[in-house]
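Colleague: Sequence first, then the predicted structure, then my questions.
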Amino acid sequence: MPLGAAGDEDAAAVTGPSSAGEPAAGMEFASPEEARAFYCTYAARAGFRVRSSKSFASRIDDAIIMRRFVCTRQGLPSRKDTLLDASKKRRNRASARAACPAMLQVADL
């Protein structure tokens, strides 16, 4: 089953990666691995790295039906105000997270 990039339904249908290598709505990939490889290649040219964010499984057969690939800096850090052991000290370091909007969502259609 082809995997398509989620996006605007009114966008023109595009099959396969474009010649410029830019992600576009309606793209189709042969496998989830091909979609990830395409997005990782695009991300390397654009100057960021990719991680898997979410995936949803079918309630019928537990097959993965949607995957979301995001920038490694996407999201905000979780707040951890309390330590379980008061004798331990937490190292104060800056978060690498920023609200990066880069994302590719593929669905099994």
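Modeller: That came in fine, so what should we check first? Numbering: from 1, shown residues only.

Colleague: need the strands for the protein, in chain order.
Modeller: All strands of the chain, identified by DSSP state E, fall at 3-5, 28-29, 50-57, 64-71, 103-108.

Colleague: low pLDDT regions in this protein?
Modeller: Counting by pLDDT under 70, the chain shows low-confidence ranges at 1-20, 77-88, 90, 95, 109.

Colleague: Which residue lies closest in space to Glu22, excluding its sequence neighbours?
Modeller: Closest residue in space to Glu22, ignoring its immediate chain neighbours: Tyr42 at 7.0 Å, by C-beta to C-beta, 6 or more residues apart in numbering. Any C-beta I mention is one placed from the backbone N, CA and C, and that applies to glycine too.

Colleague: again, but for Asp108
Modeller: Ile65 (4.6 Å).

Colleague: Leu76 too?
Modeller: In space, Leu76 is closest to Arg97, 5.7 Å off (C-beta to C-beta, 6+ apart).

Colleague: was I right about the one you found contacting Arg51?
Modeller: No. Arg97 is beyond contact range of Arg51, at 11.5 Å (criterion: C-beta atoms under 8 Å).
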